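Visitor: curious how this folds, go ahead:
(one chain, ligands or ions: 1)
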Amino acid sequence: MAFHITKAVIPAAGLGTRFLPATKAMPKEMLPVVDKPAIQYVVEEAVAAGLNDVLMITGRNKNALENHFDRMTELEATLEKKGDVDRLQNVQYSNDLADMHYVRQGDPLGLGHAVLRASMHVGHEPFAVLLGDDLIDARDVLLARMLEEQSTRNASVIALMEVDPALTHMYGIATVEATDDDDVVRIKGLVEKPVPGTAASNLAIIGRYVLQPDVFGVLASTKPGKGGEIQLTDALQTMATQNIAGGVFGVIFRGRRYDTGDRLDYIKSIVQLAVERDDLGADLRPWLKQFAATLD
Ligand code: G1P
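Guide: Residues are numbered from 1 along each chain as shown. Okay, here's the model as predicted:
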């Protein structure tokens, strides 16, 4: 029987070293993408796909995340007194966006270890994992499609995207076999961040997963891999090759993805999203053209 998935797990325990000193006292997930913290886009995406139960795997220095998804009584009262309805609504929007839960990762032993920390909360249901560094454009469908495939195939499903072959060493890379669906493939193998020149394809895992709960048992016996960390990719490789709980399928995403994980991509993401905003685009676009013309 198909299970109605309601739980999303968002690992947010990374140290954000690529953004120091900005992330010295603030979690990288709170960095603004235009005027919203990156993490809010991810929670909104989960909720839009019907996943209202959100568990964040956090760490030290992450109190701001909990505060962001809670009431800010004093600020709200001030805005209310001023009659600043728009800003008040903006501030209140994230208060009740989702049913938020938090667990700390403890030791930073890798993404697989972070996901394993969700096992008590998730229990025996399929669930989604969303990585905060990847933002998926709200106008393009990905998670809903993955949930649909998880339910019809009763298997685990990961999101894949074609990347520049020169960048395969930055991702988990899949070996795949076609299915009858043009956007769905069966996963034959996965390698976490292959050495340059050795990747089996240019199909990269982007940070969206819909997983069978059996992944927890597999993670618990997964040895440290790339970088000495327990890798989610390695557990999924085991599930794919041993056909555990229906094996693993990939949904190929051809929409707009914004990478906020490193500084250059983060800047590009902000510009791309800002030019399309109703309140900023009209002024930003002509300025950007003028500015670009001065660069040569
Ligand atoms: C993680 C995963 C990797 C995946 C990537 C997508 O790596 O381990 O398989 O391709 O996310 O963003 P990270 O970028 O967190 O090192």
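
Visitor: what sits against whichever residue of the chain sits closest to the ligand?
Guide: Residue nearest to the ligand within the chain: residue 172 (2.6 Å; Cβ to the nearest ligand atom). Quick note: C-beta positions are derived from backbone N, CA and C, even for glycine. By Cβ atoms under 8 Å, 6 or more residues apart in numbering, the contact set of residue 172 is 190, 191, 192, 193, 204, 205, 231, 232, 233, 236.

Visitor: adding pLDDT and secondary structure, write those residues out as a markdown table.
Guide: Shown next, in a markdown table, are these (pLDDT from 0 to 100; DSSP: H, G, I helix; E, B strand; the rest coil):
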| residue | pLDDT | secondary structure |
| --- | --- | --- |
| 190 | 98 | strand |
| 191 | 97 | strand |
| 192 | 97 | strand |
| 193 | 97 | coil |
| 204 | 98 | strand |
| 205 | 98 | strand |
| 231 | 98 | coil |
| 232 | 98 | helix |
| 233 | 98 | helix |
| 236 | 98 | helix |
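
Visitor: among those residues, which are in reach of the ligand?
Guide: Restricting those to those adjacent to the ligand (criterion: Cβ under 6 Å from any ligand atom) gives 192, 204, 205, 233.

Visitor: list only buried entries from those residues.
Guide: Restricting these to buried positions leaves 192, 204, 205, 233, with burial counted as 16 or more other Cβ atoms under 10 Å.

Visitor: which residues of the protein lie near the ligand?
Guide: Counting by Cβ under 6 Å from any ligand atom, the positions of the chain adjacent to the ligand are 111, 131, 133-134, 171-172, 192, 204-207, 233, 261.

Visitor: doesn't residue 271 make contact with residue 288?
Guide: Yes: using Cβ atoms under 8 Å as the test, residue 288 is close enough to residue 271 to be in contact (7.2 Å).

Visitor: contact partners for the most centrally placed residue in the chain?
Guide: Centre of the chain computed as the mean C-alpha position; nearest residue by Cα atoms, centre = their mean is residue 131, 2.3 Å away. For residue 131, the contact set (Cβ under 8 Å, 6+ apart) comprises 10, 11, 42, 111, 207, 208.

Visitor: also residue 18?
Guide: Contacts for residue 18 were tallied using Cβ under 8 Å, 6+ apart; they are 28, 261, 262, 263.

Visitor: hmm, which of those residues are the buried ones?
Guide: For those, burial is judged from neighbour counts taken by 16+ other Cβ under 10 Å, and it is met by 28, 261.

Visitor: now the contacts of residue 18 in CSV, with pLDDT, secondary structure and distance to residue 155?
Guide: As requested, the contacts of residue 18 are exported to CSV (pLDDT from 0 to 100; DSSP: H, G, I helix; E, B strand; the rest coil; distance: Cβ to Cβ, whole Å):
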residue, pLDDT, secondary structure, distance to residue 155
28, 92, helix, 32
261, 88, coil, 28
262, 89, coil, 32
263, 94, helix, 37
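
Visitor: what ranges do the helices span in the stretch 101-250 of the chain?
Guide: Residue ranges of the helices in the stretch 101-250 of the chain, as given by DSSP state H, counting those that start in this stretch, are 111-116, 119-122, 143-153, 215-220, 232-241.

Visitor: list the buried ones in the third one?
Guide: Right, helix 143-153. Of all the residues in helix 143-153, those buried under the rule 16+ other Cβ under 10 Å are 143, 145, 146, 147, 148, 149, 150, 151, 153.

Visitor: among those residues, which two are most distant?
Guide: 143 and 153 (15.7 Å; Cβ to Cβ).

Visitor: show the average pLDDT along stretch 43-60.
Guide: Per-residue pLDDT values across stretch 43-60 average out to 95.

Visitor: for it, how far is the first residue from the last?
Guide: The first and final residues of stretch 43-60 sit 20 Å from each other (Cα to Cα, to the nearest Å).

Visitor: go through that stretch and flag the buried ones.
Guide: Of the residues in stretch 43-60, those scored as buried under the neighbour-count criterion (16+ other Cβ under 10 Å) are 43-47, 49, 51, 53-59.
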